[in-house]
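Q: One predicted model, sequence on top.
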Amino acid sequence: MQDRPNLPAESFLWGVATSGYQSEGGYNGAGQPQNNWFHSEAKGRVMKTGAATEFWTRYQEDFQQCQQMGLNAFRLSLEWARIQPSTTPYSSTVPAFDLNALDEYADRIAACRQCGLEPIVTLHHFTHPAWLGIDAWLIKATIDHYIEYVRVTVTHINRRLTHHHHLPPIHWYITINEPNILVSNTYLSRQFPTDAPMGFGVIFQSYNHLLTAHVRAYNLIHDLYEVEGWSQPQVSLNTYCCDLYWSEKIIWDLLDLRQHAIQPQAIKEYARNNARALESALREANLIFQRDLPYQLGRLMHWASNQLGYRLFEPEQLALFLQTLETSPRPQVFDFLAIDYYDPFIAHIFRLPAFSDFEFKTKGLRAWLMSGITSKWWDWRSLPEGLHFFCKYYSQALGDRPILIAENGMALRRKPDNSIATHRSDQLSRSQFLEAHLRQIQRLVQESVPMLGYLHWSLTDNYEWGSYTPRFGLFSIDFTHNCDRQLEDHLGDRPAKTYAQLIQEFNRDRMISSKSL
């Protein structure tokens with residue numbers, strides 16, 4: 001167990017989270033780097049990313065906006081498809097690394113630092129180069145390709161930061177973004193591109209490779225820093241917070257097996273006991289839910305999913321990962337907990353039937369009906385007390401580990417052509433959402449839960465995995481006009497201003513509290 005970090009008010013990470021494919025622009029068009037969404041875009045299954053939010057050219061403006069808001073952190077991703085690009089999919093030849101692209105990323109990270117923002121760098125945010133194939137994480141060789149990408153990228157960017165810009169190397173890394181959502185959205189809901197047949201076999205196969213890749217990347221990054229003589233970084237992955245043990249917390253428990261000296265033959269029962277402990281803690285927390293009909297159906301779904309987890313989880317299906325973990329030169333393979341808190345409750349998966357807000361074409365009557373009764377981004381319910389519960393429970397259950405809220409946000413619905421721009425059904429504004437969730441962050445800090453920081457998703461409206469309709473931005477964008485950042489959203493709310501004010505109040509209160517001790 002590592003020591004708790006010393007977190008004075010000025011070192012708490014206040015920031016925003018972004019990803020390259022969703023914001024940079026410049027993917028999957030003619031002559032542009034192609035990723036695993038290329039065919040989905042080309043065949044019209046999803047909206048094209050196009051210029052996205054133009055972050056690739058507007059980064060300086062965005063960093064300055066963050067600085068003016070009083071932020072001190074910015075999460076961005078490096079896009080593997082830009083760094084090791086191909087303009088034709090499924091190439092049998094491994095493409096060369098684009099050193100100019102690596103220089104460009106280093107220059108953006110330097111600009112981030114020069115605006116007083118600590119860069120938190122994600123190495124893989126759902127996408128991979130098209131030359132690896134659509135279902136790359138079902139192929140063992142992808143792990144080696146990923147590790148070589150990490151080695152070249154981390155080395156090149158940090159040397160440019162230190163030698164050319166005379167700045168420190170990157171300190172914070174997220175190796176793989178939300179592996180639980182990458183797997184479930186690909187092989188269960190099939191919202192992400194895949195050619196693989198449905199089945200639990202591909203789920204375990206992809207987890208086996210993703211978690212192996214994380215452990216190897218964790219050790220590689222620490223090794224590179226030791227060789228270069230740089231101060232040791234902080235490396236982790238992040239998960240989409242979920243009250244179903246088998247969807248999320250099991251990932252952290254598996255990564256932490258060596259810290260608890262769990263032997264291979266004891267893993268299955270260890271996981272089952274931890275699943276029961278989470279269920280018990282959730283019952284005792286007595287969180288307040290709106291127990292309507294969709295909720296009751298969702299609880300049934302939660303129960304069924306839980307039973308499947310107990311029945312189907314077999315450690316042998318993760319043999320490569322467990323072997324990699326056992327032989328890891330470092331028994332600890334994550335330096336902090338990073339969780340993304342949206343609506344983590346499986347009971348909220350359903351809604352009352354609505355058939356007018358589909359973003360994608362449905363195939364057949366069954367798909368049409370299921371799409372009508374499953375919650376969309378703007379249906380996700382707000383339960384800020386859950387943020388407090390999961391942070392406190394996870395930190396205690398995982399050895400008092402420090403926690404970063406790597407994403408937290410809520411969606412409004414506004415089509416890119418502005419033909420529909422509505423309130424949420426709960427009438428919640430983003431400013432109200434921020435106030436409620438930051439109140440829980442303050443509560444956690446007051447209770448001495450080791451919180452590293454809070455990153456809001458996202459700085460601007462962006463491309464949300466096939467659609468521009470869900471709006472998560474502190475700054476709005478009218479995509480019919482240009483990508484200018486607008487302080488006021490279509491409902492008259494100014495969440496960026498609210499966020500800045502809340503940060504000022506939080507830091508002032510912490511300084512007063514520190515002086516009184």
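A: Good, I have the coordinates.
Q: tell me, how many neighbours does Val152 end up with?
A: Val152 sits with 15 neighbouring residues when counted by other CB atoms under 10 Å. C-beta: built from backbone N, CA, C; applies to glycine.
Q: cool, and Thr57?
A: What Thr57 shows, counting by other CB under 10 Å, is a neighbour count of 12.
Q: Spell out the secondary structure type for Leu76.
A: strand (DSSP: H, G, I helix; E, B strand; the rest coil).
Q: and it, what does it touch?
A: Contacts for Leu76 (CB atoms under 8 Å, 6 or more residues apart in numbering) come out as Thr18, Ser19, Gly20, Arg108, Ile109, Cys112, Pro119, Ile120, Val121, Thr122.
Q: I figured Leu78 was touching Thr153, is that so?
A: Yes. Here Leu78 reaches Thr153: they are 6.1 Å apart, a contact under CB atoms under 8 Å.
Q: shared neighbours of those two, anything?
A: By CB under 8 Å, 6+ apart, the residues touching both Leu78 and Thr153 are Tyr105, Leu123.
Q: Tell me which of these two has more neighbours.
A: Set Leu78 next to Thr153 and count neighbours by other CB under 10 Å: Leu78 wins out with 25 against 21.
Q: Tell me the spacing between the more buried one and Ala436.
A: Leu78 is 33 Å from Ala436, where distance means CB to CB, to the nearest Å.
Q: And Asp478, by the same measure?
A: Plainly put, Asp478 is 27 Å away from Ala436 if you go by CB to CB.
Q: Strands along the stretch 201-350 of the chain, start to end?
A: 234-240, 337-341 (DSSP state E, counting those that start in this stretch).
Q: Go ahead and produce PDB holding the CA coordinates of the longest one.
A: The C-alpha atoms that make up strand 234-240 are tabulated as PDB, following Å, rounded to 0.1, in the frame of the first residue of the first chain:
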ATOM      1  CA  GLN A 234       1.800   8.000 -12.100                       C
ATOM      2  CA  VAL A 235       0.300   5.400 -14.300                       C
ATOM      3  CA  SER A 236      -3.200   3.700 -14.300                       C
ATOM      4  CA  LEU A 237      -6.100   2.900 -16.400                       C
ATOM      5  CA  ASN A 238      -9.600   4.200 -15.900                       C
ATOM      6  CA  THR A 239     -13.000   2.500 -15.600                       C
ATOM      7  CA  TYR A 240     -16.600   3.500 -16.200                       C
END
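Q: Show me what it is packed up against.
A: Packed against strand 234-240, as judged by 3 or more CB pairs under 8 Å, 6 or more residues apart in numbering; DSSP states H and E, are the following elements: strand 172-177, helix 179-187, helix 200-228, helix 249-255, strand 337-341, strand 403-408.
Q: Leu138 is nearest to which of the ones you listed?
A: Closest to Leu138 of the helices and strands packed on strand 234-240 is helix 200-228 (CB to CB; 5.4 Å).
Q: just checking, what packs against that closest one?
A: Looks like helix 200-228 contacts helix 141-159, strand 172-177, helix 179-187, strand 234-240, helix 249-255, helix 319-326 (3+ CB pairs under 8 Å, 6+ apart).
Q: what's the closest of these to Asn286?
A: That would be helix 249-255 among these, by CB to CB, at 19.5 Å.
Q: pLDDT (mean, whole number) over that closest one?
A: In this model, helix 249-255 has an average pLDDT of 98.
Q: So which residues of the stretch 401-517 of the chain form strands?
A: With strands called from DSSP E, counting those that start in this stretch, the stretch 401-517 of the chain shows them at 403-408, 412-414, 421-422, 451-457, 470-471.
Q: Direction included, what does the longest one pair up with?
A: When pairing is defined by DSSP bridges, strand 451-457 lines up against strand 13-17 (parallel), strand 403-408 (parallel).
Q: how distant is it from the center of its chain?
A: Distance of strand 451-457 from its chain centroid, counting by CA atoms, centre = their mean, to the nearest Å, is 12 Å.
Q: now the angle between strand 337-341 and that strand, please.
A: Angle of strand 451-457 versus strand 337-341, following axes from the mean of the first three to the mean of the last three CA atoms, to 10 degrees, is 40 degrees.
Q: about what we covered before: dump the contacts of Leu76 to CSV, plus distance to Phe97 and pLDDT.
A: As requested, the contacts of Leu76 are exported to CSV (distance: CB to CB, whole Å; pLDDT from 0 to 100):
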residue, distance to Phe97, pLDDT
Thr18, 23, 98
Ser19, 20, 98
Gly20, 16, 98
Arg108, 17, 98
Ile109, 17, 99
Cys112, 22, 98
Pro119, 20, 98
Ile120, 23, 98
Val121, 17, 99
Thr122, 18, 99
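Q: Give me the below-cutoff pLDDT ranges for the stretch 401-517 of the chain.
A: By pLDDT under 70, the low-scoring segments of the stretch 401-517 of the chain are 512-517.
Q: still on that earlier bit, so which of the strands of the stretch 201-350 of the chain gets nearest Ala141?
A: Of all the strands of the stretch 201-350 of the chain, it is strand 234-240 that lies closest to Ala141, at 20.7 Å by CB to CB.
Q: State the paired neighbours of that closest one in the sheet, together with their directions.
A: strand 172-177 (parallel), strand 337-341 (parallel).
Q: what about that strand, distance to the chain center?
A: Distance, stretch centre to chain centre, for strand 234-240: 8 Å (CA atoms, centre = their mean).
Q: Nearest to His260, out of the strands of the stretch 401-517 of the chain?
A: Comparing these by CB to CB, strand 403-408 comes nearest, at 18.7 Å.
Q: Could you pull out the buried residues of that closest one?
A: By neighbour count with 16 or more other CB atoms under 10 Å, strand 403-408 contains the buried residues Ile403, Leu404, Ile405, Ala406, Glu407, Asn408.
Q: Serialize the strands paired with strand 451-457 to TSV and add fields for distance to Phe350.
A: Output for the strands paired with strand 451-457, formatted as TSV (distance: least, CB to CB, whole Å):
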stretch	distance to Phe350
strand 13-17	28
strand 403-408	23
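Q: so which of the ones you listed comes closest to Ser458?
A: strand 13-17 (6.0 Å).
Q: Enumerate residues external to the closest one that contact any of its residues.
A: In contact with strand 13-17 (CB under 8 Å, 6+ apart) are residues 66, 70-75, 117-118, 120, 404, 406-407, 452-459, 474, 503, 506.
Q: same thing but 6 Å
A: For strand 13-17, the external contacting residues (CB atoms under 6 Å, 6 or more residues apart in numbering) are 71-75, 407, 452-453, 455-459, 503.
Q: got the CA positions of the next helix or strand after it in PDB?
A: Past strand 13-17, heading to the C-terminal end, the next element that is a helix or strand (DSSP states H and E) is helix 20-23. Output of helix 20-23 as PDB, limited to C-alpha atoms (Å, rounded to 0.1, in the frame of the first residue of the first chain):
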ATOM      1  CA  GLY A  20      -8.400  12.900 -29.700                       C
ATOM      2  CA  TYR A  21     -10.800  11.200 -32.100                       C
ATOM      3  CA  GLN A  22     -13.800  13.100 -30.600                       C
ATOM      4  CA  SER A  23     -12.200  16.500 -30.700                       C
END
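Q: buried ones in the helix or strand just after helix 20-23?
A: Proceeding N to C from helix 20-23, the next assigned helix or strand is helix 38-42, under DSSP H and E. Across helix 38-42, burial judged by 16+ other CB under 10 Å covers Phe38, His39, Ser40, Glu41.
Q: what residues are up against the closest residue to Trp37 other than its chain neighbours?
A: Closest residue to Trp37 apart from its sequence neighbours, by CB to CB, 6 or more residues apart in numbering: Pro193 at 5.9 Å. Contacts for Pro193 (CB under 6 Å, 6+ apart) come out as Asn36, Trp37, Ser40, Ile134.
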